[in-house]
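Student: Please work out how this folds:
(one chain, ligands or ions: 1)
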Amino acid sequence: MIIPPNDPQKQFVLAVEALTVSFDGFKAVNDVSFYVDENEIRVIIGPNGAGKTTVLDLICGRTRATSGSIKFRDMDLTKMSESNIVLAGVGRKFQNPSIYDDLTVFENLEISFPRGRSVFGALTFRRDAEVRRRVEEIAETIFLADHLDERAEFLSHGQKQWLEIGMLLIQDPDLMMLDEPVAGMSVSERKKTAELLHKIIKNRSVIVIEHDMKFVEDIAHRVTVLHQGKVLSEGSMDRVKHDPRVIEVYLGH
Ligand SMILES: Nc1ncnc2c1ncn2[C@@H]1O[C@H](COP(=O)(O)OP(=O)(O)OP(=O)(O)O)[C@@H](O)[C@H]1O
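Tutor: Residues are numbered from 1 along each chain as shown. This next block holds a predicted model:
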């Protein structure tokens with residue numbers, strides 16, 4: 001069941017309505033609607049092939065919708081290019097970290113800073129100081145303050161995932177989307193990642209795709225369950241995990 005907005009005037013960060021995409025007649029996403037609030041962590045769960053990744057692909061403009069709308073504040077993302085969607089404030093982290101192994105943690109964050117390398121000659125000094133301050137602030141947030149000079153290739157798998165989250169954070173997106181951020185992480189890294197998400201939510205909204213139900217319980221404000229391209233259930237984790245339809249197609253397996 002989709003929770004429709006009670007107040008039609010209410011402004012959501014993201015309003016996805018009747019979103020559909022067909023690949024050669026196969027509807028991978030079929031009439032999906034959901035609404036994400038300010039400062040909300042929304043988790044999308046569902047069996048393999050349910051359409052979760054495709055929904056994120058549609059939001060970030062990598063895949064074009066066949067029909068439906070995706071409103072991000074007052075912009076319709078279905079009409080925008082992938083790069084303009086990023087500029088509008090939507091950041092996406094893919095499943096595999098795409099960091100630069102031969103650069104240090106500092107450099108990875110630095111190159112992700114918008115206009116990180118100054119072209120304004122005389123202003124360079126000030127700009128550099130600002131970049132350094134921001135890089136250090138983000139490194140602290142992602143538990144890598146003591147690793148700034150370490151080459152990224154020597155980080156643990158979990159630290160690489162955090163670095164990539166940091167590379168998104170430094171761009172200060174209003175909506176951040178993470179695809180299975182704790183896959184392959186140790187239990188303690190998962191706990192810290194949950195902590196990290198609760199920290200960064202203060203200024204933004206986050207959509208996470210995840211299969212680890214313990215982690216979902218730790219982070220989700222609301223959960224949307226997809227099944228065969230459709231919304232099967234939606235609500236708090238507690239409500240969703242007791243929904244017999246969700247148990248039948250997903251959680252019971
Ligand atoms: N570009 C494409 N062309 C054709 N079919 C596609 C394309 N992208 C996705 N699909 C199909 O759409 C369906 C949904 O895929 P999607 O990757 O979104 O599922 P998912 O819920 O993310 O699954 P998983 O948990 O395994 O990552 C699958 O059947 C997939 O094969």
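Student: which residues in this protein form strands?
Tutor: For the chain, strands defined by DSSP state E occupy the ranges 14-23, 26-36, 41-45, 67-72, 75-76, 90-93, 175-179, 205-209, 222-227, 230-235.
Student: got any ranges where the chain has weak pLDDT?
Tutor: 1-9, 97, 115-127, 253 (pLDDT under 70).
Student: ok, now which ones touch the most centrally placed residue in it?
Tutor: Closest residue to the average C-alpha location of the chain: residue 177 at 1.3 Å, with Cα atoms, centre = their mean. Shown in contact with residue 177 (Cβ atoms under 8 Å, 6 or more residues apart in numbering): 56, 59-60, 90-93, 206-208. In this view, the C-beta of every residue, glycine as well, is placed from N, C-alpha and C.
Student: about what we covered before: among the strands of the chain, which is nearest residue 140?
Tutor: Each of those has some distance to residue 140 by Cβ to Cβ; the shortest is strand 175-179, at 17.9 Å.
Student: quick one: residue 162 and residue 154, what's the gap?
Tutor: 14 Å (Cβ to Cβ, to the nearest Å).
Student: between those two, which one's more packed in?
Tutor: residue 162 (26 against 12; other Cβ atoms under 10 Å).
Student: Residue 226: what's it in contact with?
Tutor: 32, 44-46, 50-52, 55, 232.
Student: so which of those residues are also by the ligand?
Tutor: Checking these against the ligand by Cβ under 6 Å from any ligand atom, the ones in range are 46, 50-52.
Student: Please convert the strands of the chain to TSV, extending it with distance to residue 138.
Tutor: Below are these laid out as TSV (distance: least, Cβ to Cβ, whole Å):
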stretch	distance to residue 138
strand 14-23	24
strand 26-36	23
strand 41-45	19
strand 67-72	23
strand 75-76	26
strand 90-93	13
strand 175-179	13
strand 205-209	16
strand 222-227	27
strand 230-235	32
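Student: Can you verify my assumption that residue 170 contacts residue 112?
Tutor: Yes - between residue 170 and residue 112 there is a contact under Cβ atoms under 8 Å: 5.0 Å.
Student: higher neighbour count, the two?
Tutor: Between residue 170 and residue 112, counting by other Cβ under 10 Å, residue 170 is the more crowded of the two (25 against 21).
Student: which residues touch that one?
Tutor: Residue 170 neighbours (Cβ under 8 Å, 6+ apart): 109, 112-114, 134-135, 138.
Student: and the residue nearest to the centre of the chain, what are its bridge partners?
Tutor: Note on residue 177: beta-bridge partners by DSSP bridges are residue 92, residue 207.
Student: before we move on, the earlier item: ok, the contacts of residue 170 vs the ligand, which is closest?
Tutor: residue 112 (25.4 Å; Cβ to the nearest ligand atom).
Student: Would you check how far apart residue 151 and residue 159 are?
Tutor: 12 Å.
Student: try residue 236
Tutor: 31 Å.
Student: Compare these two (neighbour count), which wins?
Tutor: A count of neighbours by other Cβ under 10 Å puts residue 159 above the other of residue 236 and residue 159, at 21 against 12.
Student: correct me, but the more buried one touches residue 146?
Tutor: No - using Cβ under 8 Å, residue 159 is not in contact with residue 146; the gap is 10.7 Å.
Student: which residues in the stretch 101-250 of the chain form helices?
Tutor: Here the stretch 101-250 of the chain has its helices, by DSSP state H, counting those that start in this stretch, at 105-112, 124-141, 157-169, 187-200, 213-219, 237-241, 244-246.
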